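Q: okay, structure incoming, though there's no sequence with it:
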C-alpha cells in the first residue's frame, strides 16, 4: 500500500529536482529523504529517479507516479474543502508574505478585517522584498504572497499570480521643494531633480530606473533607504523627490507634510499581485482569506475556481 508521507516526500523531490532542496523544504535531513525514496522504490519495484551529479530526474515510472500523486493530493484537498466549515474552526493559521509597502500599510487592515470575521484563526505576516516573498511561496514557508514588485525573471513554472489592482506611484515633495505649490508637471521636469529611492537591486529601484529610462531621464540619486518611512521623512525635510505608492503617502498628504505632484500622462503605475504555488491546493483557511479579499479585489475570485 502506498504511504502518503512517502508520496509527499516523492512529490517534493519531483518538484525540486534534488534531494537536498526537498530536504530543506520538508525540514528533514537529506538522508531521511533518500531513505523514504529508497523504501518507496522498493515497495513499487521501480526506480523513480535517475541520479545525476546536479540532482535527480524522473524516470518514466516516476513521471507516471507524479501525475497520480498530484491527483491524490488534489482529492484530499477537495475533500477537506468540502467538509470543513471555517467559521466553526476552533483554531487555524494562514501565513502570508508581503513586500514592504503592502506589509506595513495594507496587510494589517486585511488581517484585522479577516480576524473580525474569523476570530479563532491566526494570520502570520512576513515582510520581504519581492524575490524573498516568491522564494517563501515556492518553498512553502508562506501560503500566499502579496507583492507590488515586478516578477520579470522571477516566474518559474510553479508560480501563479493574479493582478489585484493597479496603484499609481506619486511624485512627492516636502514644503522646501519648488514643486510644493505645483499642480502638475511633465516627465521632463524631473530631469534636474534629486531622488530619494529604495536600495539598489530592490524591485522598486529596478522598476523606477527602468521607468525613468523610458522617459529619457537619468536620475540623480540623493539618498537610498531600505524602508519607506525613512524615505518619507527625508523628503519632507529636504528638497529631494521620491516616487511612492499613493497608499503609502496618503496620511502625509492629508496632514500636508508631503505634497503629491501629478505627472502628465500618469507614467508611474505598478500592480499589486497575489502569488502562490500552483502545485499546492488551497486549504479551507487559505480559500477563506482569498474570498475575504475578493470584496475589495474581485479579480481574485479566479483563484477560487477548481484548481
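A: Yep, it's here. Since the structure is predicted, the reported quantities are computational estimates derived from the model, not experimental observations. Numbering: from 1, shown residues only.

Q: hey, where'd the helices end up in the chain?
A: Secondary structure of the chain (DSSP state H): helices at 4-16, 19-26, 30-44, 60-83, 100-101, 107-117, 130-138, 203-214, 228-237, 246-254, 284-293.

Q: among those, which is nearest residue 302?
A: With respect to residue 302, and counting by CB to CB, the nearest of the helices of the chain is helix 284-293 at 9.9 Å. Placement of C-beta: from N, CA and C, glycine included.

Q: what sits against residue 147?
A: Shown in contact with residue 147 (CB atoms under 8 Å, 6 or more residues apart in numbering): 98, 99, 102, 130, 133, 134, 203, 272, 273, 275.

Q: mind giving me the domain split of the protein?
A: Listed domain ranges for the chain are 4-83, 86-165+271-304, 168-268 (source: automatic domain parsing).

Q: just put these in TSV and tack on mean pLDDT.
A: Compiled in TSV, these are given as follows (pLDDT from 0 to 100):
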stretch	mean pLDDT
domain 4-83	89
domain 86-165+271-304	91
domain 168-268	94
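
Q: which residue is most remote from the mean position of the protein?
A: In the chain, the residue that sits farthest from the middle, by CA atoms, centre = their mean, is residue 45; the gap is 40.8 Å.

Q: from residue 260, how far out is it?
A: According to CB to CB, to the nearest Å, residue 45 stands 68 Å off from residue 260.

Q: still on that earlier bit, now render the helices of the chain as CSV, adding mean neighbour count and distance to residue 222.
A: Shown next, in CSV, are these (neighbours: other CB atoms under 10 Å; distance: least, CB to CB, whole Å):
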stretch, mean neighbour count, distance to residue 222
helix 4-16, 19, 43
helix 19-26, 19, 41
helix 30-44, 16, 48
helix 60-83, 14, 51
helix 100-101, 22, 20
helix 107-117, 14, 29
helix 130-138, 21, 24
helix 203-214, 17, 13
helix 228-237, 18, 8
helix 246-254, 17, 18
helix 284-293, 20, 37
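
Q: nearest to residue 303, of those?
A: helix 284-293 (5.4 Å).

Q: ok and the closest one relative to helix 60-83, angle-wise?
A: Calculated by axes from the mean of the first three to the mean of the last three CA atoms, to 10 degrees, helix 284-293 forms an angle of 60 degrees with helix 60-83.

Q: quick one: list the elements packing against helix 284-293.
A: Where contact means 3 or more CB pairs under 8 Å, 6 or more residues apart in numbering; DSSP states H and E, helix 284-293 is packed against helix 60-83, strand 93-98, helix 107-117, strand 144-147.

Q: contact partners of that helix?
A: With contacts defined as CB under 8 Å, 6+ apart, helix 284-293 is touched by 80-81, 84, 86, 89, 92-94, 96, 110, 113-114, 117-118, 121, 123, 143-144, 164, 274, 282, 300, 303-304.

Q: list the buried residues in the longest strand seen in the chain.
A: When the chain is parsed with DSSP state E, its longest strand is strand 159-173. Within strand 159-173, the residues scored as buried using 16 or more other CB atoms under 10 Å are 159, 160, 161, 162, 164, 167, 169, 170, 171, 172, 173.

Q: in terms of secondary structure, what does it contact?
A: If contacts are counted by 3+ CB pairs under 8 Å, 6+ apart, strand 159-173 sits against helix 130-138, helix 228-237, strand 242-245, helix 246-254, strand 259-261, strand 269-277.

Q: residue 70 is nearest to which of those?
A: Among these, the nearest to residue 70 by CB to CB is strand 269-277 (12.5 Å).
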